[in-house]
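> give the three-dimensional model of this entry:
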Amino acid sequence: MFNFSALTMPLSPFLRMVLFFILGIILQTQTDIAVWFLPVSTVAVVVLFLSFLPKINRIYDFRYLFGLGLALLTIVSGAFLTQQAWEKSDWSPGLETDFYKGCVMEEPVRKPKTYRCKVRITSAEKTVYIYLPIDSLSEQLVAGDYLVFYADFQSPLPYLRKQSISATAFVRQSDWQLEKEQKTSFSVLLQALSVRRMLLKHLQIIVPDPDAYSLAAALMFGYRDSIDEDLRQAFNRIGAAHILAISGTHFSILFGMLYGLLSFIGNSRRGKFFKHLLLLPLIWGFAFLTGFSPSVIRAALMMSIWIAGDLFSYHSFSLNTVAVAAFFMLLFNPLYLFDAGFQLSFSAVIAIILFYLPLAKIYESRNPLIKYLWELIAVSIAAQTGVLPLTLYYFRRFPVLFLITNLLLIPLTTILLLLIPFSLLLYFIFGEWTIMMWPLNQTLELFIGIVRELDRIG
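Sure thing, here's the model as predicted:
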């Protein structure tokens, strides 16, 4: 049934290097191997030097020396960068309540009784979580605001430490205030969140229903904090949580729509070149509007690598493409490896590369609709195969309705990703004409109705 040639073929040198890099990250997080950095690096350099000596280089039995030296050096590099990333979150703020000042780096997340704020402490240059009671002042907080507060920080839980969070604290209502006069230094992330916040305000006007608005905000802008908990759990139970997170699916749909809109350029070599040059900034423009979350960066980076490869007639979307995206993300922050979203995303993509084509070839039809449906089923099965172990580990459940869910919701997602920006454009030009927003609102209601019905059946 499956063609396992992709698994049995020799790994490329770059893919092996990425695997050794990941091994170094894991070793450093499981046990501190910093004391071995210098001796292992020295051995690696010596082995690499020996591999280039003419007398040794010509001997077949010593052909492994170069690979061994490079592997050791890559493992040490992964471990060293992990140690550096770990030290960035290492902080001992003191045993008593103290005065702090910091900038809110993400939109505050509403919890049952508090707002969780990700704050960058100015003096210590550390990132912390502070929890503020819900009141009229905390409800006004947005990314980019500066706070002054008193806090008794505690050490974070291990999973937060792996997210580069240095400490956590609950801050009482009387122990903090907003510093409105403070000018925020330029930050691409904060600018992106500011633009997204403006678009979300307009979206809330044209989509007045809270559930419909929260769905539209999640699908188009990656903003999931306003989703009702019952609706969120319904998505989880039917195996549709991935639709709420901006991922490769959204970027693939976006790429297809943009490629179609640019079809007037033509498919000549020059036309294709110009289309790809236009698509790259548009892809990253969409990533900007969604606030540059890690999942968005993963998807945008992978799509960019594919576009660049296709631009130079390298058509294969392979394990090497995935390895390049993973390597640069881990190079930026090795602790991404322990993020559940990172693991689920790459597991799904790798499984699609390995299993999609063999599955798709089981049944071939000339009917465009049947072909589309079968390819969608093949992609869903492949992706679910890849994420199954992680789904069982993290969520302790298996979504039995995932096939029906994807068949019904992914086409609707495609329609919504077209309707949402189109409706916003109409709103900016003509204002709030209810009749013009009817298709978007009806589609959102249909989407939510299907989710709730599938959850009831399941």
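
> report the separation between Ile283 and Ile381.
27 Å (CB to CB, to the nearest Å). Quick note: C-beta positions are derived from backbone N, CA and C, even for glycine.

> ok, Asn367 next?
Remark: distance between Asn367 and Ile381 (CB to CB) = 20 Å.

> the more surrounded of those two?
Applying other CB atoms under 10 Å to Asn367 and Ile381 shows that Ile381 carries more neighbours, namely 18 against 9.

> would you confirm that the more buried one contacts Leu403?
Yes. Contact criterion CB atoms under 8 Å: Ile381 and Leu403 qualify, at 7.3 Å.

> and stretch 37-53, how far out from the chain middle?
How far stretch 37-53 lies from its chain's middle: 36 Å, per CA atoms, centre = their mean, to the nearest Å.

> I figured Lys97 hits Ala151, correct?
Rather than Lys, residue 97 is Thr. Yes. Between Thr97 and Ala151 a contact is recorded at 6.5 Å, counting by CB under 8 Å.

> between these two, tell me which one has more neighbours.
With neighbours defined as other CB under 10 Å, Thr97 and Ala151 compare such that Ala151 has more, 24 against 15.

> look up phi and psi at that one.
The phi and psi values for Ala151, taken as degrees, to the nearest 10, are phi -150, psi 150.

> excluding sequence neighbours, find me the nearest residue to it.
Ala169 (4.0 Å; CB to CB, 6 or more residues apart in numbering).

> please apply the same query to Phe428.
Nearest residue to Phe428 in three dimensions, chain neighbours excluded: His202, at 7.5 Å (CB to CB, 6+ apart).

> next helix or strand past the strand or helix carrying that neighbour?
Element membership of His202, judged by DSSP states H and E, is helix 188-206. For helix 188-206, the following helix or strand on the C-terminal side (DSSP H and E) is helix 210-221.

> before we move on, which element is the residue nearest the centre of the chain in?
Per CA atoms, centre = their mean, the C-alpha nearest to the average position across the chain is that of Ser295, at 0.6 Å. Assigned by DSSP H and E, Ser295 belongs to helix 294-311.

> Thr127 contacts Lys118, correct?
Yes. Assessed by CB under 8 Å, Thr127 is found in contact with Lys118 at 6.5 Å.

> verify the stated contact: Ala245 with Ile227.
No. Counting by CB under 8 Å, Ala245 does not reach Ile227; the two are 11.2 Å apart.

> now the common contact residues for the two.
Ala218 (CB atoms under 8 Å, 6 or more residues apart in numbering).

> and Arg397, how many neighbours?
If you count neighbours by other CB under 10 Å, Arg397 ends up with 11.

> and the contacts of stretch 284-294?
Contacts of stretch 284-294 (CB under 8 Å, 6+ apart): 106-107, 188-189, 192-193, 195-196, 199, 220-223, 246, 251, 254, 296-297, 299-300, 304, 329, 336, 339, 341-342.

> which residues of the stretch 201-350 of the chain fall in helices?
In the stretch 201-350 of the chain, helices defined by DSSP state H, counting those that start in this stretch lie at 210-221, 229-237, 241-244, 248-261, 269-289, 294-311, 319-332, 340-360, listed in chain order.

> dump those helices into TSV; add mean pLDDT and distance to Leu27 as well.
TSV is the format used below for the helices of the stretch 201-350 of the chain (pLDDT from 0 to 100; distance: least, CB to CB, whole Å):
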stretch	mean pLDDT	distance to Leu27
helix 210-221	94	37
helix 229-237	90	33
helix 241-244	84	31
helix 248-261	81	29
helix 269-289	85	32
helix 294-311	80	23
helix 319-332	88	14
helix 340-360	88	18
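
> could I get those helices as a markdown table with distance to Glu432?
A markdown table is the format used below for the helices of the stretch 201-350 of the chain (distance: least, CB to CB, whole Å):
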| stretch | distance to Glu432 |
| --- | --- |
| helix 210-221 | 14 |
| helix 229-237 | 25 |
| helix 241-244 | 26 |
| helix 248-261 | 25 |
| helix 269-289 | 21 |
| helix 294-311 | 29 |
| helix 319-332 | 41 |
| helix 340-360 | 35 |
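
> out of the ones you listed, which is closest to Pro156?
helix 340-360 (16.7 Å; CB to CB).

> could you look up the SS state of Leu412?
At Leu412, secondary structure determined by DSSP: H, G, I helix; E, B strand; the rest coil is helix.

> with Thr168 instead?
With three-state DSSP as the criterion, Thr168 reads strand.

> make sure it is actually in contact with Gln154.
Yes. Applying CB under 8 Å as the test, Thr168 and Gln154 come out as touching, 5.6 Å apart.

> any common contacting residues for those two?
Common neighbours of Thr168 and Gln154, using CB under 8 Å, 6+ apart, do not exist here.

> need the helices for the stretch 351-458 of the chain, in chain order.
Using DSSP H, counting those that start in this stretch, helices in the stretch 351-458 of the chain cover 368-395, 402-430, 434-457.

> how close does the residue nearest to Ala151 sit to Ile130?
5 Å.

> on that earlier part again, distance between the helix holding His202 and the chain's centre?
That offset, for helix 188-206, works out to 19 Å (CA atoms, centre = their mean).

> so for that helix, what gets flagged as buried?
Residues of helix 188-206 classed as buried by neighbour count (16 or more other CB atoms under 10 Å): Leu190, Ala192, Leu193, Arg196, Arg197, Leu199, Leu200, Leu203, Ile206.

> circling back: more neighbours: which of Ala169 and Ile130?
Neighbour comparison, Ala169 and Ile130: the larger count goes to Ile130, with 26 against 19 (by other CB under 10 Å).

> count of neighbours near the closest residue to Tyr150 other than its chain neighbours?
Nearest residue to Tyr150, sequence neighbours excluded (CB to CB, 6+ apart): Asp175, at 4.2 Å. By other CB under 10 Å, 17 other residues sit near Asp175.

> Trp433 now?
Using other CB under 10 Å: Trp433 sits among 12 other residues.

> how close does the nearest residue to it once chain neighbours are set aside sit to Leu417?
Excluding the flanking residues, the one nearest Trp433 by CB to CB, 6+ apart is Leu426, at 7.4 Å. Leu426 is 16 Å from Leu417, where distance means CB to CB.

> could you do Arg58 as well?
58 Å.

> the residue nearest to Val324 when sequence neighbours are not counted: what's it in contact with?
Of all residues not flanking Val324 in the chain, Ile305 sits nearest, at 5.5 Å (CB to CB, 6+ apart). Neighbouring residues of Ile305 by CB under 8 Å, 6+ apart: Thr321, Val324, Ala325.

> could you check how far Lys162 is from Lys88?
Between Lys162 and Lys88 the computed distance is 12 Å (CB to CB).

> what of Leu403?
From Leu403 to Lys88 the distance is 43 Å (CB to CB).
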